[in-house]
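Asker: Build the 3D model from these lines:
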Amino acid sequence: MAQVRLYVDDALGAGQPVTLSRDAAHYLFGVMRLSVGDEVTLFNGQDGEWRARVAEASKRGGVLEAVEQTRAQSLPPDLWLLFAPVKKARTDFIVEKAVEMGVRRIVPVATEFTNSERVRRDRLQAHAKEAAEQCGGLFVPEVAELSKLRDILADWPDGRRLMFCDEAEAETGEGSSSVRAGRFAAASEHGPWAVLIGPEGGFSDRERVHLHGLPFAYVAGLGPRILRADTAAVAALTLWQMQLGDWT
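Answerer: Numbering: from 1, shown residues only. The predicted structure follows:
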């Protein structure tokens, strides 16, 4: 059976006991059928990855004991993903893939054409945690509350650059070979970045003009075809990781 990985809030260290919540106990002992003496892998986003052993097990709780560190803590690049929420399953997909691709923060944004006006932050945060457990990650990105795009841009942090994926670049048939999309293609500045993906239907003309005028925004085209929002998120993160991230 594959090693079970579990995110925990507790500090991790040799001999450190980890008390399980009822949900975690149900998963380990009811779903995965583990028992006393079995081993699991733990991480908390701060202390690296640890091999742990089941010390106590019951349907409503349990205790794990950390045995030894198997990997030192590492962080993904300082990259945020800003995206306009779409249909539920596709929004879940975007969050899951963002974790797998390696981001530090996930920010749902409301644009003028955003169809979904409400997101369950707690549910998306749970998806992020599960994705980190499954992909072998050591860090769970924070999922922020839904915010208006104009408010985020008005309070943009100094030193953070923005890769703006403009679907209008696909309409030329030239994709990232256009002059404007070449701004990101020529970028070599490492450090804090963010990737912005628009909603189904794209950005409004007003939003597009505003984004093109921002000094910290780098326009990127994603090829000659218009992509769905969830596909665009994966494509954009791949492009960034290949050029400026930890894939280089």
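Asker: quick one: residue 121 and residue 146 touch, right?
Answerer: Yes - taking contacts as CB atoms under 8 Å, residue 121 lies within contact range of residue 146: 7.5 Å. C-beta: built from backbone N, CA, C; applies to glycine.
Asker: overlap in contacts of the two?
Answerer: Common contacts of residue 121 and residue 146 (CB atoms under 8 Å, 6 or more residues apart in numbering): residue 108.
Asker: of these two, who's got more company?
Answerer: Neighbours around residue 121 and residue 146, counted as other CB atoms under 10 Å, are more numerous at residue 146. The numbers are 19 against 15.
Asker: Got phi/psi on that one?
Answerer: Its backbone dihedrals place residue 146 at phi -60, psi 130, with angles given as degrees, to the nearest 10.
Asker: Contacts only, for it.
Answerer: Neighbouring residues of residue 146 by CB under 8 Å, 6+ apart: 85, 108, 109, 110, 117, 118, 119, 121.
Asker: can you give me how far stretch 90-100 is from the chain middle?
Answerer: 7 Å (CA atoms, centre = their mean, to the nearest Å).
Asker: list the buried ones in that stretch?
Answerer: 90, 91, 93, 94, 95, 96, 97, 98, 99, 100 (16 or more other CB atoms under 10 Å).
Asker: quick one, strands of this protein?
Answerer: When assigned using DSSP state E, the strands of the chain occupy the ranges 5-7, 17-19, 39-43, 49-57, 62-71, 79-83, 105-110, 142-143, 147-148, 161-165, 193-197, 217-220.
Asker: Which one of these lies nearest to residue 25?
Answerer: Of all the strands of the chain, the one in closest proximity to residue 25, counting by CB to CB, is strand 62-71 (4.6 Å).
Asker: Mean confidence (pLDDT) on that closest one, please.
Answerer: Here the mean pLDDT over strand 62-71 is 97, rounded to a whole number.
Asker: Make 54 the starting number, not 1.
Answerer: Right, with 54 as the first residue, what we last looked at is strand 115-124.
Asker: can I get the CA coordinates of stretch 115-123 in CSV?
Answerer: Once side chains and other backbone atoms are set aside, the C-alpha atoms of stretch 115-123 remain, and they are given as CSV (Å, rounded to 0.1, in the frame of the first residue of the first chain):
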residue,chain,number,x,y,z
GLY,A,115,-5.7,8.8,17.9
VAL,A,116,-2.1,9.7,18.5
LEU,A,117,0.8,9.6,16.1
GLU,A,118,4.5,9.8,17.1
ALA,A,119,7.0,11.5,14.9
VAL,A,120,10.0,9.3,14.4
GLU,A,121,12.5,10.9,12.0
GLN,A,122,12.6,13.7,9.4
THR,A,123,12.6,12.3,5.8
